[in-house]
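# Using only what follows, build the 3D model:
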Amino acid sequence: MPEGDVLARLARLLTRSLADQVLVRSDLRWPEAAGADFTGRRSTGTVSYGKHLLTRFDDGRTLHTHMRMDGVWRARTTRTPPEPLRQPRVRAVLATQQWTCVGEQLGMLTVLRTRDEARLLSHLGPNLMAQGEALDAALDLAAANFTRSRGRPAGEVLLDQSVAAGIGTIYLAETLWRHQISPWRMVELVPDARALYATAAALMRRSADAPTLTATGSREQSTHVHGREGLACARCGTPIAMASIGPSAMERPAFHCPACQPG
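Residues are numbered from 1 along each chain as shown. Below you'll find the model as predicted:
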């Protein structure tokens, strides 16, 4: 599932492609949004919140999309005549005279009033892709939420979007490896929760701001533990291991070094 860094990149992609231009095409292939039409409207920009995208328009509406596991937005040059884009994976098409943005395999699509965004996101913790003073406040709140989750494994809590929004399995693994903490260490045994979230936020921001942006917003960076099962730990040489973490039916892979991330 795309994490906070990829969503930040996709937000920039949609903003660059659509903002301040009149839409000449709007096709939302989603049951609850089938009647919504943004043709003739202007986007005022797209922002990310955790793993959610909010594309705002000048008439007070917002298009909310979530990638789930396989979703992505792609931008391409608008063609004349317009491409039919009839593939079943296409869930949304927004186009200006210059750019056409295509949402494929989207896991969620909602049209709402912009003023109702806070209500839509109310179940989420603070946004770790915030910046400046907003990030400082987000880290403080994330640490407080984490500390209140006593009796749960740290890795499980890092994945909990109601504690803080944006972290997935990649930044779970990379953050805990840097702090030499096992994903299964109980929350109450973690000495500095704010430092964990500061690390995760910094790693995601570094990836989001990296110059290797692709047309689809995909991540291009190396990892120390995620996806490296069986390979040597860069710190101690022990083979990286992977085991599932999380409640039943919601388990996720947790890559870790058994030697330098003691439980």
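# where does residue 73 fall, helix, sheet strand or coil?
With DSSP: H, G, I helix; E, B strand; the rest coil as the basis, residue 73 sits in strand.
# now it, which residues is it bridged with?
residue 103 (DSSP bridges).
# For it, give its distance to residue 191.
Between residue 73 and residue 191 the distance is 39 Å, computed by C-beta to C-beta, to the nearest Å. (Glycine included, C-beta is placed from N, CA and C.)
# Which of the two has more residues huddled nearby?
residue 73 (26 against 8; other C-beta atoms under 10 Å).
# Surely residue 140 touches residue 193?
No - when contacts are counted by C-beta atoms under 8 Å, residue 140 is not listed as touching residue 193 (10.1 Å).
# The two: which has the busier surroundings?
residue 193 (23 against 13).
# Alpha carbons of stretch 193-210, as PDB, please.
Extracted C-alpha coordinates of stretch 193-210, given in PDB (Å, rounded to 0.1, in the frame of the first residue of the first chain):
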ATOM      1  CA  ALA A 193       7.900   7.600  21.100                       C
ATOM      2  CA  ARG A 194       8.300  11.100  19.600                       C
ATOM      3  CA  ALA A 195      11.800  10.200  18.300                       C
ATOM      4  CA  LEU A 196      10.200   7.200  16.400                       C
ATOM      5  CA  TYR A 197       7.700   9.400  14.700                       C
ATOM      6  CA  ALA A 198      10.200  12.100  14.000                       C
ATOM      7  CA  THR A 199      12.400   9.500  12.200                       C
ATOM      8  CA  ALA A 200       9.400   8.100  10.200                       C
ATOM      9  CA  ALA A 201       8.400  11.600   9.200                       C
ATOM     10  CA  ALA A 202      11.900  12.500   8.200                       C
ATOM     11  CA  LEU A 203      12.300   9.400   6.100                       C
ATOM     12  CA  MET A 204       9.000   9.900   4.300                       C
ATOM     13  CA  ARG A 205       9.800  13.600   3.700                       C
ATOM     14  CA  ARG A 206      13.200  12.700   2.300                       C
ATOM     15  CA  SER A 207      11.600  10.200  -0.100                       C
ATOM     16  CA  ALA A 208       8.800  12.600  -1.100                       C
ATOM     17  CA  ASP A 209      11.400  15.400  -1.900                       C
ATOM     18  CA  ALA A 210      13.900  13.100  -3.700                       C
END
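# okay, now the domains of the chain?
4-120, 133-256 (automatic domain parsing).
# possible to save these as CSV with mean pLDDT?
As requested, those are exported to CSV (pLDDT from 0 to 100):
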stretch, mean pLDDT
domain 4-120, 96
domain 133-256, 92
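# nearest to residue 263, of those?
domain 133-256 (4.1 Å; C-beta to C-beta).
# And what about the residue located most distally from the centre of the chain, helix, strand or coil?
Here the centre of the chain is the reference, and by C-alpha atoms, centre = their mean the most remote residue is residue 81, at 33.9 Å. Three-state call for residue 81 (three-state DSSP): coil.
# one step back: now the domains of the chain in TSV, with distance to residue 127?
Rendered in TSV, the data for the domains of the chain read as follows (distance: least, C-beta to C-beta, whole Å):
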stretch	distance to residue 127
domain 4-120	5
domain 133-256	5
